[in-house]
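Asker: just a sequence and a predicted model for now, questions to come.
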Amino acid sequence: WACTISQMLDFESHPDVWRIALTNMLYLFNGDKRTGTTLFDHLFIRCPRVRDSWEGVRAVAQILYLVTDIEIARNWLVQVRDSGWPLGKQAFGELLMLWRCYYEDDEWSKEQIEQSLVDNCALDICRGIAFTASHTWHWATYQDICADVLVRLAATTDAITQGAIAKVFRYGESLPLNQSMKNIIEAILPHDAVLLKSAEALIEGIETYTTVEPDLVYRICKRVLDAGVQQIRSMATSLSMLAEPLVRISMTLHRLAEYRSLGLELFELLIESDINEARQALDLLDRSPTITLIHARRPRRRRRQALN
């Protein structure tokens, strides 16, 4: 396969052909990794349009920790950033954050990320960094590195970066509420925009922790309700789906002796906010159904009078 790719590089130059071939070129690293690194480098030199594409970036991301020459791989990232590709800077940010995770002791990646986070003109790069950090946080080995970046980006006013940060909370999955995740949550709580983008998956994820971390769960619910009460009240928005879990959490808190007042306070806020699900729960609690049997009184049968 390496010989075939090497021969094709001599005569094939159409980018579309190489974009398709990239999916199978990854297998080169099952053998001699040095040869694989060299062939990828030759391809990107011959066809830079392949490198500056989503197929090329995806391939680089998959082999980044396998390359034998770090300088070659670093040049790939820089060339993607400096290319004329409209998404080049964001792609650079994504690969840069991945590089930071794979090569923790590399000073170049630390400096590049630090420079991007403080540079107001590096918006596209920060977007890429946020997307990779949110995705890679779920790899236990890299949680602290990714959490540090997400915490620093929490105050961003860029909607795309906010959405990227929100992706750290995943639908349908239990939230791993370790210290790293708590740091991320504490960082986004003061910022309404990123909090509301995270709210659906966040509330779903922390509901199971109501009896374990009642204080944190209460503060999250209170902030979400304060920031998004209009959207939660409106059936036309996706945040209206938060009404039921918020009611359930408030009732669970009310059952905990030490947190009964917090549960009551949260439930009263839901009522005052005119949340329909809260009123339905209140109606159900106020109702005291009793079974009353009304026995019909049988008519008294008259005795027949004796015939004289």
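Answerer: Nice, I can see it.
Asker: wait, what's in contact with the nearest residue in space to Asp192 that is not next to it in sequence?
Answerer: Nearest residue to Asp192 in three dimensions, chain neighbours excluded: Ala227, at 4.1 Å (C-beta to C-beta, 6 or more residues apart in numbering). The C-beta positions use only the backbone N, C-alpha and C, and glycine is treated the same way. Each residue near Ala227 by C-beta atoms under 8 Å, 6 or more residues apart in numbering is listed here: 192, 195-196.
Asker: what about stretch 172-192, start to end distance?
Answerer: By C-alpha to C-alpha, to the nearest Å, the extent of stretch 172-192 from end to end equals 23 Å.
Asker: what comes up buried for that stretch?
Answerer: By 16 or more other C-beta atoms under 10 Å, the buried positions in stretch 172-192 come out as 175, 177, 180-181, 183-185, 187-189, 191.
Asker: could you give the separation of the helix or strand where Ile232 lies from the chain centroid?
Answerer: In this structure, Ile232 sits in helix 214-233 according to DSSP states H and E. Helix 214-233 sits 18 Å away from the centroid of its parent chain (C-alpha atoms, centre = their mean, to the nearest Å).
Asker: and stretch 147-159, by the same measure?
Answerer: 13 Å.
Asker: can I get the CA coordinates of the next helix or strand after the helix holding Ile232 in CSV?
Answerer: Next in sequence after helix 214-233, counting helices and strands by DSSP H and E, comes helix 243-255. This file holds the C-alpha atoms of helix 243-255, laid out as CSV (Å, rounded to 0.1, in the frame of the first residue of the first chain):
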residue,chain,number,x,y,z
ALA,A,243,-40.1,22.8,33.1
GLU,A,244,-40.7,19.2,34.1
PRO,A,245,-37.1,18.4,35.4
LEU,A,246,-37.1,21.7,37.3
VAL,A,247,-40.3,20.7,39.0
ARG,A,248,-39.0,17.3,39.8
ILE,A,249,-35.8,18.7,41.2
SER,A,250,-37.6,21.2,43.4
MET,A,251,-39.8,18.4,44.8
THR,A,252,-36.8,16.1,45.4
LEU,A,253,-35.1,18.9,47.3
HIS,A,254,-38.3,19.5,49.4
ARG,A,255,-38.1,15.9,50.5
